[in-house]
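Visitor: Below are the sequence and a predicted model; questions follow.
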There are 2 protein chains.
Amino acid sequence: MKTYNVGILGATGAVGREMIKILEERNFPVNELRLLASARSVGKTIAFGQKEVTVKEARDDAFEGLDIVLGAAENDIAVRFAPAITAAGAVFVDNSSAFRLRDDVPLVVPEINPEDAKWHNGIISNPNCSTIITLVALNPINKISPIKKLVASTYQAVSGAGVGGIKELEDQIAAHNKGEKAENKIFAHQIAFNLIPAIGGTGDNGYTSEEMKLQNEGRKIMHLPELTVTCTCVRVPVLRSHSISATFVTEDYISVEDAQKAIENGLGVKLVDEPKKQVYPMPLDTSDIDTVYVGRIRRDLTEENGLSLFCCGDQIRKGAATNAVQIAELLIKK
Amino acid sequence: MKTYNVGILGATGAVGREMIKILEERNFPVNELRLLASARSVGKTIAFGQKEVTVKEARDDAFEGLDIVLGAAENDIAVRFAPAITAAGAVFVDNSSAFRLRDDVPLVVPEINPEDAKWHNGIISNPNCSTIITLVALNPINKISPIKKLVASTYQAVSGAGVGGIKELEDQIAAHNKGEKAENKIFAHQIAFNLIPAIGGTGDNGYTSEEMKLQNEGRKIMHLPELTVTCTCVRVPVLRSHSISATFVTEDYISVEDAQKAIENGLGVKLVDEPKKQVYPMPLDTSDIDTVYVGRIRRDLTEENGLSLFCCGDQIRKGAATNAVQIAELLIKK
């Protein structure tokens, strides 16, 4: 079997570490695994199968000989190293938002638009986490009749802000229990026992960057240039897995039963929809798995061709690391 | 000054206790305060101003001499005692959902439809908590141009299920910290670090009872019989204050600036809307106050005449106890 030299840029963060785990879980045919991070992580070792891999410094000359680089770093790092990665002949599967909307860069969710992985010019972008989870849930229904518009409200876990987000929530709960003031560094406000209804910087139209991604990336991934989306992103005191309440209108009428059947037969999704038996998607149940749970499917009472649903997915796995490894799998497929 | 004999039915629960506090805070002209509850609470004392009031048993003969009874009990208790309350000549301001949709019972939010308090026949219903908070936020905008349809997703605090809900969240967090399994009694599933996307029983249309209240009660309170609402109710691990993400369409176009001005000048609301400075409504900030905070006002990107906002309010105060006391204030106004 052909094997590949795989690099991970930003290997020590939450998403980078998950990528290592998922390469192993999915038996990705790795020859060399090269873990790259900033200078202060150099020398750390991370387990990969039976081996301990030592973290090296991400530098322009660090990508030679690699076939694929999975990017788990912030935009500035992705932009800085993209030229060196492509010059080295590797394909850069990047999880940052830096290249996602560029016309010469495919934006891929393998369950939805795997064919787009073919026309890359050295960079393929991995979409935003909430966007992936929402679109994987909607995709089977969108295949019956295209979605025209979508109103979404998110419930996003603290780990969306990295491992520091989890620690901050836990520290704040501990402070609360001792009657002390909860300190905040990662989030703009206390998140324990609270909600923060804004994620990302706010643009002039009043939407945050995170909110606009669902429309902008959704249009590109689903090949629906006319899709309109109103999204409200809210951070909630959940450790892991993002949830989305989605109400949407399709071109043609789709019955609840047909929508449920579509989810039952859909890719990457599981129908979890028996609310009378208290069975519905919950973030605790989707944590540390790849499947997006979809339930609460019912008619939108405000629009003839509308439906509403609730979905949950692990934003570190399917929302980031798993999706990136799936793209890498598309690349090595004949 | 004329004073009144006021009874509280269900005086020992979360809402009942809050009603006692709010009667005192608002200097309601109380002559006698009669606290009524089930037999097992009889003999407990609760402070009201300088006095300690002893809880008596709620029985058919317990309402004689009362002018107003504030109901803070479940539907079955409200239905059982309503005839005795009205027969005693008292007006029953009831927080249960038992009478809310009855044609001969007004359903009142004093900021919105105070005039409806006038035509009662002995019973006035206090609306659902999420409904009150959402409608108080929308009311100033609805006055510019009527709301035609609304898509709402809620983020509801555990105290919406009473004091037991708070204890269950705190106990589950303690269990989690010890690595133990979190027990659940009040909620259908673990709520610590989780979401439960269903509140109330599920009807045949797939909506829960809590979700349908926003449309059914909203139509009656706002005098908008054609209003359509798609609501998704989600329990979140927040102690107090419900939050709502609301996207809605008005008959005429309203600019964001005009909507913001309407909130600035509206009743019972405060505009908290500077997202670039991380200023937006949060449940921690609205806990233990009566004002509903409204922010994140921006255009709905899916509809020409649509707007979207986020609001938070204390569901025990404005969502229940305060609203009931405000209705009592309307009753004693000339």
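Guide: Structure received.
Visitor: among the helices and strands of chain A, which one scores worst on average pLDDT?
Guide: In chain A, no helix or strand scores lower on mean pLDDT, DSSP states H and E than helix A:163-177, which sits at a mean of 94.
Visitor: and that helix, what other elements does it pack with?
Guide: When contacts are defined as 3 or more C-beta pairs under 8 Å, 6 or more residues apart in numbering or on different chains; DSSP states H and E, helix A:163-177 packs onto helix B:163-177. No exception for glycine: its C-beta is placed from N, CA and C like everyone else's.
Visitor: what does the helix it packs on contact?
Guide: A:173-174, A:177, B:13-14, B:157-159, B:161, B:181-187, B:190-193, B:237, B:239-240 (C-beta atoms under 8 Å, 6 or more residues apart in numbering or on different chains).
Visitor: Can you say which of the residues you listed are buried?
Guide: A:173, B:13-14, B:157-159, B:161, B:182, B:184, B:187, B:190-193, B:237, B:239-240 (16 or more other C-beta atoms under 10 Å in any protein chain shown).
Visitor: Helices - which of those residues land there?
Guide: A:173, B:14 (DSSP state H).
Visitor: What are the phi and psi values at the residue of chain A positioned farthest from its centre?
Guide: For chain A, the largest distance from the centre (C-alpha atoms, centre = their mean) belongs to residue A:179, which lies 35.8 Å off. The phi/psi pair for residue A:179 (degrees, to the nearest 10) reads phi 70, psi 20.
Visitor: Then residue A:295?
Guide: According to degrees, to the nearest 10, residue A:295 has phi -160, psi -160.
Visitor: For it, which non-adjacent residue is closest in space?
Guide: residue A:273 (3.8 Å; C-beta to C-beta, 6 or more residues apart in numbering or on different chains).
Visitor: returning to what we had before: the least confident helix or strand of chain A to helix B:163-177, inter-axis angle?
Guide: 120 degrees (axes from the mean of the first three to the mean of the last three C-alpha atoms, to 10 degrees).
Visitor: What's the first helix or strand after helix A:163-177?
Guide: Downstream of helix A:163-177, the first helix or strand assigned by DSSP states H and E is helix A:209-222.
Visitor: That following helix close to chain B?
Guide: Yes - part of helix A:209-222 sits close enough to chain B to count as contact by C-beta under 8 Å from any C-beta of the partner chain, namely residue A:215.
Visitor: so what strands line up beside whichever strand or helix holds residue A:153?
Guide: Element membership of residue A:153 [criterion: DSSP H and E] is strand A:147-155. Paired with strand A:147-155 in the same sheet, following DSSP bridges, are strand A:228-232 (parallel), strand A:242-250 (antiparallel).
Visitor: ok now that strand, how far from the chain's centre?
Guide: Relative to its chain's centre, strand A:147-155 lies at 16 Å (C-alpha atoms, centre = their mean, to the nearest Å).
Visitor: tell me the most buried of the strands paired with strand A:147-155?
Guide: Greatest average neighbour count among these goes to strand A:242-250 (a mean of 27), per mean count of other C-beta atoms under 10 Å in any protein chain shown.
Visitor: could you give the mean pLDDT of it?
Guide: Throughout strand A:242-250, pLDDT has a mean value of 98.
Visitor: what's the angle from it to helix A:209-222?
Guide: Taking the same axes, to 10 degrees, strand A:242-250 and helix A:209-222 form an angle of 50 degrees between their directions.
Visitor: and the next element down the chain from strand A:242-250?
Guide: Once the chain leaves strand A:242-250, the next helix or strand it forms, by DSSP H and E, is helix A:256-264.
Visitor: Give the buried residues for the helix or strand just after that next one.
Guide: Remark: after helix A:256-264, the chain's next helix or strand is strand A:269-271, criterion DSSP H and E. Residues A:269, A:270, A:271 are the ones in strand A:269-271 that count as buried (16+ other C-beta under 10 Å).
Visitor: circling back: want to throw the strands paired with strand A:147-155 into TSV with distance to residue A:295?
Guide: Rendered in TSV, the data for the strands paired with strand A:147-155 read as follows (distance: least, C-beta to C-beta, whole Å):
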stretch	distance to residue A:295
strand A:228-232	20
strand A:242-250	11
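Visitor: Briefly note if stretch A:129-145 comes near chain B.
Guide: No - applying C-beta under 8 Å from any C-beta, one finds stretch A:129-145 out of contact with chain B, separated by at least 13.0 Å.
Visitor: Quick check: which element contains residue A:136?
Guide: Residue A:136 is part of helix A:129-144 when elements are defined by DSSP H and E.
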